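1. structure for this input, please:
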Amino acid sequence: MKPLVESVPNFSAGRQREVVEAIVAAMRAVPEVHILDVHTDVDHNRTVVTLVGPPPAVLEADFRAIAQAAALINLDEHQGAHPRLGATDVVPFVPLSGVTLAECVALAQELGRRVGAELGIPVYLYEAAASRPDRVALEDVRRGQYEALKTEILTNPDRAPDFGPARVGPAGATIIGARPFLIAFNVYLNTDRVELAEQIAKAIRGSNGGWRYAKALGLLVAGQAQVSLNLTDFTQTPPHRVLEAIRREAAHYGLTVTHTELVGLIPEQALVEAACWYLQLERLEAEQIVERRLAALDETAPWGFVEAVAAGTPAPGGGAVAALAGALAGALAAMVARLTAGKRSYAAVAAEMGALTGQAEVLRAALLARVDEDAAAYTAVLAARRLPQSTPEERSHRDVALQAALTQATEIPLATARDALAVLELLKAVAQTGLRSAVGDAATGAWLAHAAVQSAALTARLNFPAVADPARCERWAAEAARLVAQAEALLAQIQAVVAERTGMVPAAGSPLPTA
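-> Numbers count the residues shown, from 1 in each chain. Purely as a prediction, here's the structure:
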């Protein structure tokens, strides 16, 4: 199972679009990181980002975002309804697949060390990563907020950070930890009396004898009282039951719930359980949900991606399509290798085919992941180009962000070209010794991989004029030329192999033979 971790960093910015875009662009620029959601609240003056990816990539994305937030957010000028301790207020790691909570604790500790040492920001560890019992709960670490911490960190030993200096600058401090999946859920009341929302929150939260896995605050948002909830274990404290408890508490004050709001993402299981509870469905089976049945019919159909390419938006575009072509070529290489290994008459090459299958699967997965990475990289370039340029400082910041985004948007397709070339090498091997009746599949894969190399190299070259580093562009250009030349040579070799094994002559410009 591929290791996959989620992170949900919270930033103290919700009223300056360009600041939020710059922070998100810093995360998008990290290969293999996928931004699932960006939730910005003007009243809270806060943005919550949900990202997933392999642990090292997610850690790097969080570090870059914390650095960007520290450069752009001044807490001495910050006001908002939500409590906060820093420009990057809290960064939790959540295990998704192939990762344990203990490994997420190690990630939190590593990120904390880097932030403290390299950025000079005090770091406090919380939840499963907490170094002390009184720092497990987020609200305990954040008590008094930034304003209190500025003086307390200088004199109170209990406020000494886990990492970084015992002083705060305008970026404040950052709280980093590890926890299970959390549902952030807000409930709005038909009143502006925030003190009533505070009373209801007090009755609901576990620390006051309410629901064990519920944390709650009473806030005033857009002139309306809100009960802001964090449900730290939705399997034990489900949102629908908490909502009904809030309705009962509100009725005590003559109030009603007007609407609710989800911050970030929610597991499908929580929604299904809520529907079953309200509809009194006692024996619902997963197969009765039509979308699950449809997904099971054909998980390999690429219709959604094809529609996204055709939609008339800048991304996904040519680079993403090149990555998909390379992934399909890798899939064909794996298919031919597996078919060969399963035949008795090819027992002599079974071990070789097994090794080729493993290599093809690694390349296929990398290329498939790069479909999203390429689209995200180009989106980051667009976001950087939209940053303001009214002052010299803004122009300087925009230039730095744009060059970083362009670098990623160039290096990602070059990586696609490298992997597609490696797929071509595998296709040559399966074409030479693999199942003879599948040689046409190997040839088709070769044509796709060749196209992927050519297209990805072109995508990279198109960025060169905008990159302000001639030496780097020279290196990129030399590598792109080398990759294309090697792809041409491999394609010609595969053509010759196909002709030899089928007894047919290759058509001009095609790896597929004709009679």
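
2. where does residue 243 fall, secondary structure wise?
-> With elements taken from DSSP states H and E, the one containing residue 243 is helix 239-252.

3. and residue 296, what pLDDT?
-> We have a pLDDT of 58 for residue 296.

4. same deal with residue 222?
-> Spelled out, the predicted local distance difference test score at residue 222 is 88.

5. gap between it and residue 43?
-> As for residue 222, its distance to residue 43 is 5 Å (criterion: CB to CB, to the nearest Å). All C-beta atoms are positioned from the backbone trio N, CA, C, and that covers glycine.

6. these two: which has the busier surroundings?
-> residue 43 (17 against 11; other CB atoms under 10 Å).

7. that one in helix, strand or coil?
-> Under DSSP: H, G, I helix; E, B strand; the rest coil, residue 43 falls in the coil class.

8. and the residue lying closest to it once chain neighbours are set aside, what does it touch?
-> Nearest residue to residue 43 in three dimensions, chain neighbours excluded: residue 221, at 4.3 Å (CB to CB, 6 or more residues apart in numbering). Shown here is residue 221, whose contacts under the criterion CB atoms under 8 Å, 6 or more residues apart in numbering are 41, 43-44, 81, 186, 188.

9. any chance of a markdown table for these, columns pLDDT and distance to residue 489?
-> Below are the contacts of residue 221 laid out as a markdown table (pLDDT from 0 to 100; distance: CB to CB, whole Å):
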| residue | pLDDT | distance to residue 489 |
| --- | --- | --- |
| 41 | 88 | 56 |
| 43 | 86 | 61 |
| 44 | 87 | 58 |
| 81 | 83 | 63 |
| 186 | 95 | 60 |
| 188 | 97 | 65 |
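
10. and those residues as a markdown table, adding distance to residue 468?
-> Formatted as a markdown table, the entries for the contacts of residue 221 read as follows, by distance: CB to CB, whole Å:
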| residue | distance to residue 468 |
| --- | --- |
| 41 | 36 |
| 43 | 40 |
| 44 | 37 |
| 81 | 41 |
| 186 | 44 |
| 188 | 48 |
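
11. neighbour-wise, which of the residues you listed leads?
-> residue 44 (24 neighbours).

12. separation between that one and residue 6?
-> Applying CB to CB to residue 44 and residue 6 gives a distance of 21 Å.

13. neighbours of residue 53, how many?
-> 26.

14. shouldn't it be in contact with residue 36?
-> No: between residue 53 and residue 36 there is no contact, the gap being 10.1 Å when judged by CB atoms under 8 Å.

15. the helix or strand hosting residue 483: how far from the chain's middle?
-> Remark: residue 483 resides in helix 470-502, with elements defined by DSSP H and E. How far helix 470-502 lies from its chain's middle: 32 Å, per CA atoms, centre = their mean, to the nearest Å.

16. residues of that helix that come out buried?
-> 473, 476, 480, 483-484, 487, 490-491, 493-495, 497-499, 501-502 (16 or more other CB atoms under 10 Å).

17. quick check: the gap between residue 449 and residue 455.
-> Looking at residue 449 against residue 455, where the rule is CB to CB, the gap reads 11 Å.

18. check residue 38 too.
-> Residue 38 is 30 Å from residue 455, by CB to CB.

19. more crowded one of those two?
-> Each of residue 38 and residue 455 had its neighbours counted (other CB under 10 Å), and the higher figure belongs to residue 455 (21 against 17).

20. just give the closest residue to the more buried one, not the sequence neighbours.
-> Going by CB to CB, 6+ apart, residue 455 has residue 322 as its nearest residue, at 3.8 Å.

21. again with residue 309
-> Nearest in space to residue 309, with sequence neighbours left out and distances taken as CB to CB, 6+ apart, is residue 316 at 5.6 Å.

22. identify the contacts common to residue 449 and residue 455.
-> A shared contact of residue 449 and residue 455, defined by CB under 8 Å, 6+ apart, is any residue touching both; here these are residue 325.

23. residue 15 contacts residue 41, correct?
-> No: in this structure, residue 15 sits apart from residue 41 without contact. The criterion is CB under 8 Å, and the distance is 9.5 Å.

24. helix, strand or coil for the residue nearest to residue 309?
-> In the three-state summary, residue 316 is assigned as coil, counting by three-state DSSP.

25. list the contacts for it?
-> By CB under 8 Å, 6+ apart, the contact set of residue 316 is 305, 308-309, 371-372, 374-375.

26. out of those, which end up buried?
-> 305, 309, 371-372, 374-375.

27. any idea which element residue 124 lies in?
-> Residue-wise, residue 124 maps onto strand 123-127 under DSSP H and E.

28. got a list of contacts for that strand?
-> If you take CB under 8 Å, 6+ apart as the criterion, strand 123-127 is touched by 85, 90, 92, 108-109, 112, 115-116, 131, 135-138, 141, 161-164, 173-179.

29. returning to that earlier point: ok, so of the contacts of residue 316, who is nearest residue 196?
-> The nearest member of the contacts of residue 316 to residue 196, counting by CB to CB, is residue 372 at 44.7 Å.

30. I'd say the closest one and residue 35 touch.
-> No: shown here, residue 372 and residue 35 do not form a contact pair, counting by CB under 8 Å, at 9.4 Å.

31. dump stretch 446-459 to CSV, restricted to CA.
-> Listed next in CSV are the C-alpha coordinates belonging to stretch 446-459 (Å, rounded to 0.1, in the frame of the first residue of the first chain):
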residue,chain,number,x,y,z
ALA,A,446,6.4,2.3,-27.5
TRP,A,447,4.5,4.8,-29.6
LEU,A,448,2.8,6.2,-26.6
ALA,A,449,6.0,6.5,-24.5
HIS,A,450,7.8,8.1,-27.4
ALA,A,451,4.9,10.7,-27.7
ALA,A,452,5.1,11.3,-24.0
VAL,A,453,8.9,12.0,-24.1
GLN,A,454,8.4,14.4,-27.1
SER,A,455,5.4,16.2,-25.6
ALA,A,456,6.8,16.5,-22.1
ALA,A,457,10.1,17.9,-23.4
LEU,A,458,8.2,20.4,-25.5
THR,A,459,6.2,21.5,-22.4
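
32. give me the residues contacting that stretch.
-> Stretch 446-459 is contacted by residues 318-319, 321-323, 325-326, 328-330, 332, 367, 374, 413-414, 416-417, 420-421, 423-424, 427-428, 431, 480-481, 483-484, 487-488, 490-491, 494, 510-512 when judged by CB under 8 Å, 6+ apart.

33. any idea of the mean pLDDT in it?
-> Regarding stretch 446-459, the rounded mean pLDDT is 96.

34. got it, and stretch 4-23?
-> Per-residue pLDDT values across stretch 4-23 average out to 92.

35. now stretch 469-486
-> Throughout stretch 469-486, pLDDT has a mean value of 94.

36. chain center to it: distance?
-> With CA atoms, centre = their mean, you get 29 Å for stretch 469-486.

37. buried stuff in stretch 178-196?
-> Using 16+ other CB under 10 Å as the burial criterion, the residues of stretch 178-196 that qualify are 178-189, 191, 194, 196.

38. closest one to residue 357 out of the residues you listed, please.
-> Relative to residue 357, the closest of the buried residues of stretch 178-196 is residue 181; by CB to CB it sits at 34.1 Å.

39. without its sequence neighbours, what residue ends up closest to the closest one?
-> Computed as CB to CB, 6+ apart, the closest residue to residue 181 that is not its neighbour in sequence is residue 94, at 5.6 Å.

40. ditto for residue 210
-> Of all residues not flanking residue 210 in the chain, residue 204 sits nearest, at 4.5 Å (CB to CB, 6+ apart).

41. again, but for residue 335
-> Per CB to CB, 6+ apart, closest to residue 335 is residue 441, 6.4 Å.
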